[in-house]
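Undergrad: starting from these lines, generate the structure:
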Amino acid sequence: QVQLVESGGGLVQSGGSLRLSCVASGPTSDYGAIGWFRQAPGQEREEVSCINSSDGSTFYADSVKGRFTISRDNAKKTVYLQMNSLKPEDTAVYYCAQDPDLYCEGFSPSGDFGSWGQGTQVTVSS
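TA: Numbers count the residues shown, from 1 in each chain. The predicted structure follows:
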């Protein structure tokens, strides 16, 4: 099974930027789809973005389009989430998730992903 480790979270002022990283390791050469989810206190986990390791195609939730950019470095087995123009409502724990059999073409339920990281906290102050 693939192991995922997120980093890059922190406290930032509204309008600021952060870049999250998700490093994958494990016995596979095809990581399939890797997604970023977030969960705020008292709310359901929601998908933010997803990228396909095969062709780099991406998906974004409407709430982050134009502000967040997902990218991958297959050689480093790392997926990044560049977050710009952050808002207080972006405050949440951010998780990366992966599944080798998934190809993200739109919204993908969290249950479709088999591997998850431990999460990294992002806090945006107003």
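
Undergrad: so where's the protein uncertain?
TA: Within the chain, the stretches with pLDDT under 70 are 28-29.

Undergrad: switch the cut-off to 80
TA: 1, 27-30 (pLDDT under 80).

Undergrad: where does the spatially most central residue of the chain sit: helix, strand or coil?
TA: The residue lying closest to the centre of the chain (C-alpha atoms, centre = their mean) is Trp36, at 2.0 Å. Under DSSP: H, G, I helix; E, B strand; the rest coil, the three-state class of Trp36 is strand.

Undergrad: return the distance of it relative to Pro27.
TA: 23 Å (C-beta to C-beta, to the nearest Å). Quick note: C-beta positions are derived from backbone N, CA and C, even for glycine.

Undergrad: same thing with Arg19?
TA: According to C-beta to C-beta, Arg19 and Pro27 sit 28 Å apart.

Undergrad: repeat for Lys87
TA: From Lys87 to Pro27 the distance is 39 Å (C-beta to C-beta).

Undergrad: on that earlier part again, contacting residues around the residue nearest to the centre of the chain?
TA: Counting by C-beta atoms under 8 Å, 6 or more residues apart in numbering, Trp36 touches 20, 22, 47-50, 70, 79, 81, 94-97.

Undergrad: just put the residues you listed in CSV and tack on distance to Phe113.
TA: Below are the contacts of Trp36 laid out as CSV (distance: C-beta to C-beta, whole Å):
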residue, distance to Phe113
Leu20, 16
Cys22, 12
Glu47, 9
Val48, 13
Ser49, 13
Cys50, 9
Ile70, 15
Val79, 13
Leu81, 15
Tyr94, 14
Tyr95, 9
Cys96, 9
Ala97, 4
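
Undergrad: between those, which is nearest Pro41?
TA: Within those, the smallest distance to Pro41 is 13.5 Å, found for Tyr94 (C-beta to C-beta).

Undergrad: and that closest one, how many neighbours?
TA: Tyr94 has 23 neighbours, counted by other C-beta atoms under 10 Å.

Undergrad: wait, a strand at it?
TA: Yes. Assessed by three-state DSSP, Tyr94 belongs to a strand.
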